[in-house]
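[1] got a predicted structure plus its sequence, pasted below:
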Amino acid sequence: MSFRFHRSIPNLSIFHNARSPHSDRILHLLRSSLSNPYVPRAVAAARAEAEKSGTPTTHKISKRPLEFNLDISTSPPTPDQYRTMLDYLRTQSLPSSLSTPPTISRFLVKHSESVGGVEELSQLASKKPESVRWPVVVHWDDGLVAIEKEDEVHQILELLRQLDRQLVLNLLWCDAGVPLQGLMGWAKPDAIAAMQTSVSDLKALSVLRVSASNPPSVMITTAYRDSLRVALRGGGDHRSFGLPVPSRGPSQMSIEQLDKKALVHWETILHYMVDTNSSAQRPGGGALHLLVAGGWLEEGKGAGGHEITSTGFQFLLQSPRAQLWDILLQYLHMSDARRMDIAEVLSFLFMLSLMKLGQEYSCDNLSPTQNAMMTDLKDYGIVYLTPNSNKSFYPTRLATTLTSFLPPLPPSISSTGTDPSDRGFIILETNYRLYAYTDNPLQTSVLNLFVGLRSRFPNLVVGHITRESVKRALVKGISAEQIISYLETHAHPQMRRQNPLLPVTVQDQIRLWEMEQNRVQEAEGYLYTEFGSQADYDLVLRYAKEMNLVLYESARDRQFFAKADGHALIRQYIERRGG
């Protein structure tokens, strides 16, 4: 048996702006990782917790820094580099920090000017660096990009420590071990030092042991080997992967049926968010409570009792994976208030993610907390409870892909328009007319939030972006930038040949309508006018200002407008002065 670890040193680049605090901090992190031992975040958190509680920690790390080539560029990326980064962003699997589909807007700070293409983006980064997010860190070998966020940079750095994992998996089934000298032969000459470091680290963690024989052999410790084998096989009596139910033949749920059940629950939530005033089916009470607690819906508005918020519209712009994790994170935040053990909740979610899609599992071995979670997770489409008895359940694809890079919903039946793979169905003209080539009800409902729809055909929706339709969206808390971002994300391939992507006149007009909306404020109050003299006007106005009641004043016309709840105080003051 022979393995070769063909290892090359990874190549990382950082596009750095010395005026950006984020950029300085992340550059220091990268340089420190090259010169000092890199501490994974999980180990750092465990050490901090141990120090806080005063208990000893067994977490040990390598005394060797990470190995990678670091290119530091103080110039902005070229158009070709930006284009490559956008390709990386569309395929990379860094978690939910990628809260929006990858467009040029990912590189721009909020409220910066509109950019039509990578050429304009590169020019903007050169002329107005404050309009662009810094830094940008790129792992060229694995095709990963981190923009401004330190968490994403940590994820890239931790991916550089994969040699330990490869070593364990290759030794797992070697009961007799491998001679130490032969083990070093698995690596190329430039990787031998890294291999020695990995062996030392794993030995310190009691994962590997080196025999006292001559020549010495390296093997996985018995306890770790047996436990890992059982875990990978899904065996043992610990029920860490659930309690499977024997197949029931034709009555067994198929994967296709589970996908459809999950999609019904998932789209029920999304449909209700975009159109609470319609007769659309309401999600379960637990799901509604979570959407309100997460700030995605507001109570007390609309015929359905709820109204989408600006945060809710941003939620709709995300991919299904990011949406799912946002919902689960909010569920974890709410677990304390519901007297649920958060460790047990997390354990059950991870157990679901490791279950087999299409396999039925028993509820008999579940704790009271896990049984309570079943009803909630059913409303989200994460599990399917068998009818009548509720004694067993099936994890859906939403559950089994939680910790993998696979899509949470199959593309063949999922066409919600929120996934990056569904981009490209909107054509927008300079006369504000919009054509949407879609027959998906959810996509149509999202457009109806800010577009006046005029005609519907089997695979085409036609509408106009008007002042009234945009102001209707603004009243719901949806911002002009969110509307523009949605139009850019879902622009038809024919639109992508243009530069800029969207007509500038339409973008500017949407922003002007937002400014107009923000400029006008409504308030209840009383207008005080017809003062006998300038002295009387000044006296009453001074009193109203001291009481913080004045909303508007006009010295030229001798009038001011004050809050309604202060009318009695002002009237009494005038009567006292007049008496």
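    Received the coordinates, thanks.
[2] could you use CA atoms for every contact and neighbour count after this?
    Noted.
[3] next, Leu385: phi, psi?
    Dihedral angles of Leu385 (phi, psi; degrees, to the nearest 10) stand at phi -90, psi 130.
[4] list the contacts for it?
    By CA atoms under 8 Å, 6 or more residues apart in numbering, the residues touching Leu385 are Met374, Lys378, Lys391, Ser392, Phe393, Tyr394.
[5] one more time with 10 Å, if that's ok
    Glu360, Tyr361, Cys363, Met374, Thr375, Leu377, Lys378, Lys391, Ser392, Phe393, Tyr394, Pro395 (CA atoms under 10 Å, 6 or more residues apart in numbering).
[6] from Val178, how far out is it?
    48 Å (CA to CA, to the nearest Å).
[7] next: Ser554.
    According to CA to CA, Ser554 stands 90 Å off from Val178.
[8] Leu70 now?
    Plainly put, Leu70 is 35 Å away from Val178 if you go by CA to CA.
[9] could you pull out the helices for the stretch 401-550 of the chain?
    Assigned by DSSP state H, counting those that start in this stretch, the helices in the stretch 401-550 of the chain fall at 441-447, 467-475, 480-489, 504-519, 534-546.
[10] what score does the closest residue to Gly242 other than its chain neighbours have for pLDDT?
    Nearest residue to Gly242 in three dimensions, chain neighbours excluded: Tyr361, at 6.3 Å (CA to CA, 6 or more residues apart in numbering). Reported pLDDT at Tyr361 in the predicted model: 90.
[11] tell me what Tyr361 is bridged to.
    For Tyr361, the beta-bridge partners are Pro244, Phe393 (DSSP bridges).
[12] of all the helices of the stretch 401-550 of the chain, which lies closest to Pro216?
    Nearest to Pro216 among the helices of the stretch 401-550 of the chain is helix 480-489 (58.6 Å), distances taken as CA to CA.
[13] just want the angle from the closest one to helix 467-475.
    110 degrees (axes from the mean of the first three to the mean of the last three CA atoms, to 10 degrees).
[14] just the CA coordinates for helix 480-489, please, in PDB.
    Taking Å, rounded to 0.1, in the frame of the first residue of the first chain, the C-alpha atoms of helix 480-489 are listed here in PDB:
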ATOM      1  CA  ALA A 480     -34.000  51.500  -2.800                       C
ATOM      2  CA  GLU A 481     -30.600  49.700  -2.700                       C
ATOM      3  CA  GLN A 482     -32.400  46.400  -1.900                       C
ATOM      4  CA  ILE A 483     -34.700  46.900  -4.900                       C
ATOM      5  CA  ILE A 484     -31.700  47.700  -7.200                       C
ATOM      6  CA  SER A 485     -29.700  44.700  -5.800                       C
ATOM      7  CA  TYR A 486     -32.600  42.400  -6.500                       C
ATOM      8  CA  LEU A 487     -32.900  43.600 -10.100                       C
ATOM      9  CA  GLU A 488     -29.100  43.300 -10.600                       C
ATOM     10  CA  THR A 489     -29.000  39.800  -9.100                       C
END
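[15] ramachandran angles for Thr386?
    With angles defined as degrees, to the nearest 10, Thr386 sits at phi -60, psi 140.
[16] next SSE after the lowest-mean-pLDDT helix or strand in the chain?
    For the chain, the helix or strand with the lowest mean confidence is helix 41-53, at a mean of 64 (criterion: mean pLDDT, DSSP states H and E). Proceeding N to C from helix 41-53, the next assigned helix or strand is strand 69-73, under DSSP states H and E.
[17] give the contact list for the residue nearest to Ser479 when sequence neighbours are not counted.
    Counting by CA to CA, 6+ apart, Ser479 lies nearest to Ser310, which is 6.9 Å off, once chain neighbours are set aside. By CA under 10 Å, 6+ apart, the contact list for Ser310 reads Gly295, Trp296, Leu297, Ala473, Leu474, Val475, Lys476, Gly477, Ile478, Ser479, Gln482.
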